[in-house]
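Novice: no sequence for this one, just the structure:
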């Protein structure tokens, strides 16, 4: 498969310098980077992807499951402010 991408000048220069130092082509460097990136992503579980967002909504207190009805009533009976 052939793929064409546009790189910022700085990144292009860094890639060229890296490839020259390692004695590899730009194609080889990009393939290695993608294999590493996609290999790591394939080993992640759904939990790993969402762990940063779990519990991010801290607008509540206590047990939501037990108090959800009460919390919803309180929330939606408040006057609308605009």
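Specialist: The structure has been received and is ready for your questions. Treat the numbers as computed from the prediction; the structure is a model and nothing was measured.

Novice: SS state for residue 4?
Specialist: Following DSSP: H, G, I helix; E, B strand; the rest coil, we place residue 4 in the coil state.

Novice: And residue 54, by the same measure?
Specialist: coil.

Novice: how far away is it from residue 44?
Specialist: Residue 54 is 15 Å from residue 44, where distance means C-beta to C-beta, to the nearest Å. Every residue, glycine included, has its C-beta placed from N, CA and C.

Novice: before we move on, what about residue 37?
Specialist: From residue 37 to residue 44 the distance is 11 Å (C-beta to C-beta).

Novice: what does whichever helix in the chain runs longest contact?
Specialist: If you go by DSSP state H, the chain has its longest helix at helix 26-42. By C-beta atoms under 8 Å, 6 or more residues apart in numbering, the surrounding residues in contact with helix 26-42 are 15, 16, 18, 19, 22, 24.

Novice: what do you get if the cut-off is 7 Å, keeping everything else the same?
Specialist: 15, 18, 19 (C-beta atoms under 7 Å, 6 or more residues apart in numbering).

Novice: Mind giving me the PyMOL select for those, buried ones only?
Specialist: One line in PyMOL is enough to select the buried ones among the contacts of helix 26-42; burial here means 16 or more other C-beta atoms under 10 Å:
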select buried, resi 19
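
Novice: Turn the contacts of helix 26-42 into TSV, including secondary structure, distance to residue 73 and pLDDT.
Specialist: Below are the contacts of helix 26-42 laid out as TSV (DSSP: H, G, I helix; E, B strand; the rest coil; distance: C-beta to C-beta, whole Å; pLDDT from 0 to 100):
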residue	secondary structure	distance to residue 73	pLDDT
15	helix	58	95
18	helix	60	94
19	helix	63	95
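
Novice: if we take the contacts of helix 26-42, which one ends up nearest to residue 76?
Specialist: Using C-beta to C-beta, residue 15 is the member of those that lies nearest residue 76, at 54.5 Å.

Novice: separation between the residue positioned nearest the centre of the chain and residue 40?
Specialist: The chain has residue 49 as the residue nearest its centroid, 7.2 Å off, counting by C-alpha atoms, centre = their mean. Shown here: residue 49 relative to residue 40, a distance of 12 Å by C-beta to C-beta.
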